[in-house]
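Novice: Predicted coordinates and the sequence they were generated for:
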Amino acid sequence: MKKLLVTPLFGLVFYAFPSHAQEQGVQLTVTPEQCVALHKGQTCYQEVLFEWKTPKDGRFCLINDGTKQQLVCWKGDYAEQYRYSFRGQKTTHFSLVPLGKEQPLAEVKVVVTWVYKAPKQSQSGWRLF
């Protein structure tokens with residue numbers, strides 16, 4: 001009997017405490033989410049579009065987590081999108097953070113994939129025709 005009473009209680013606890021991002025209405029998306037290079041290890045180039053929703057109060061920045069570079073900062077809900085020329089050889093994470101703080105409100109990633117694992121090299125360096 002106790003098991004039946006505990007299960008609904010856990011559901012109520014999770015429902016009563018939504019995540020910090022949902023509580024403030026923060027959203028962050030990136031399109032496309034994937035960048036495809038021809039060979040593994042090659043730099044991938046892709047124009048991506050970040051879109052977000054933030055509270056009216058506060059200052060926010062979009063950060064490249066790998067380099068800690070601020071891509072763009074804005075006040076309140078003034079800016080809602082940003083075009084970015086992505087360039088990378090590996091999956092890169094981006095965060096939406098309040099200005100001057102490190103705790104992200106939302107995170108996305110651009111996944112780098114490739115068509116071929118690696119170019120095949122001849123063992124001897126000679127070509128046979």
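Specialist: Good, I have the coordinates.

Novice: If you count neighbours, what's buried in stretch 35-51?
Specialist: 35, 37, 44, 46, 48, 50 (16 or more other C-beta atoms under 10 Å). Bear in mind the C-beta positions are built from the backbone N, C-alpha and C, glycine included.

Novice: ok, now stretch 82-99?
Specialist: Residues of stretch 82-99 classed as buried: 84, 86, 88, 92, 94, 95, 96, 97, 98 (neighbour count, 16+ other C-beta under 10 Å).

Novice: Stretch 64-82 now?
Specialist: Buried positions in stretch 64-82, judged by neighbour count with 16+ other C-beta under 10 Å: 64, 74.

Novice: I would like the residues contacting that stretch, please.
Specialist: Residues outside stretch 64-82 that contact it (C-beta atoms under 8 Å, 6 or more residues apart in numbering) are 49-63, 84, 88, 92-95, 99, 107.

Novice: One more: stretch 36-45?
Specialist: Contacts of stretch 36-45 (C-beta under 8 Å, 6+ apart): 35, 85-89, 112-119.

Novice: tell me the strands in this structure, going along the chain?
Specialist: With DSSP state E applied, the chain shows strands at 27-31, 34-39, 44-53, 59-64, 69-75, 81-88, 92-98, 106-116, listed in chain order.

Novice: From the chain's centroid, how far away is the third one?
Specialist: Going by C-alpha atoms, centre = their mean, to the nearest Å, the spacing between the C-alpha centre of strand 44-53 and its chain's C-alpha centre is 9 Å.
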